[in-house]
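Visitor: Okay, sequence plus prediction incoming.
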Amino acid sequence: RYIIEGSEHKLEKGKLILMRPGEFHKAQLDEEIYESFVIHFLPEIVDSFDPERKLLRPFFERPLGKNNVYSRHNAANTAIYELFNKMDECRGNDYDNGVKVKALLFSVLIELNLLFDAKLYDDTSVRNKQTSEIVEYINSHLTGELSIDKLCTKFFISRTQLNRNFKEAAG
């Protein structure tokens, strides 16, 4: 299972999971080995090509922990898996491979936007409603005064229950 901002998603072959900076996420594996293909990039990489950063909408134009998972079935009609394979073939630090990877990344972002616009994200997560409300409150008050005691008072929950809920939600 994969936990994103307190929401739990079942890991399945070919599932796409989009994360943005600051979004809490964690894989929780039982015994099975799983393989992932991860692309880390700075948002600024699109600025010369897309100064309004519209290609980054699937990452930033959604609430934290929501609408960031796509099933293999929903992504099957795109070129995204082929693009990932081509990126993987461009290993190495030479200039030509760097240019190819950037070009492929732009194509991946275009495909992700098509999925996002079609609302083909997977909404089958499991989430404790109260924990969800607390996570949303924390995210919207990160620069303010936060404490466990304040959260317990605001959400009428004991410290023990709050810790239990977060341990369950975040592992």
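Guide: Alright, I've got the coordinates.
Visitor: How are the strands of this protein distributed by residue range?
Guide: Using DSSP state E, the strands of the chain run over residues 2-4, 7-9, 16-17, 25-27, 69-70.
Visitor: and the ones you listed as a markdown table, adding distance to residue 85, mean neighbour count and mean pLDDT?
Guide: Backbone N, C-alpha and C define where each C-beta goes, glycine included. Compiled in a markdown table, the strands of the chain are given as follows (distance: least, Cβ to Cβ, whole Å; neighbours: other Cβ atoms under 10 Å; pLDDT from 0 to 100):
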| stretch | distance to residue 85 | mean neighbour count | mean pLDDT |
| --- | --- | --- | --- |
| strand 2-4 | 22 | 21 | 84 |
| strand 7-9 | 23 | 21 | 81 |
| strand 16-17 | 14 | 20 | 92 |
| strand 25-27 | 22 | 13 | 85 |
| strand 69-70 | 17 | 22 | 92 |
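Visitor: possible to save those strands as a markdown table with distance to residue 82?
Guide: Below are the strands of the chain laid out as a markdown table (distance: least, Cβ to Cβ, whole Å):
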| stretch | distance to residue 82 |
| --- | --- |
| strand 2-4 | 23 |
| strand 7-9 | 24 |
| strand 16-17 | 14 |
| strand 25-27 | 25 |
| strand 69-70 | 16 |
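Visitor: what about these, which gets the closest to residue 38?
Guide: Of all the strands of the chain, it is strand 16-17 that lies closest to residue 38, at 9.5 Å by Cβ to Cβ.
Visitor: and stretch 51-66, which residues are buried?
Guide: Residues 53, 55-56, 58-59, 64-66 are the ones in stretch 51-66 that count as buried (16 or more other Cβ atoms under 10 Å).
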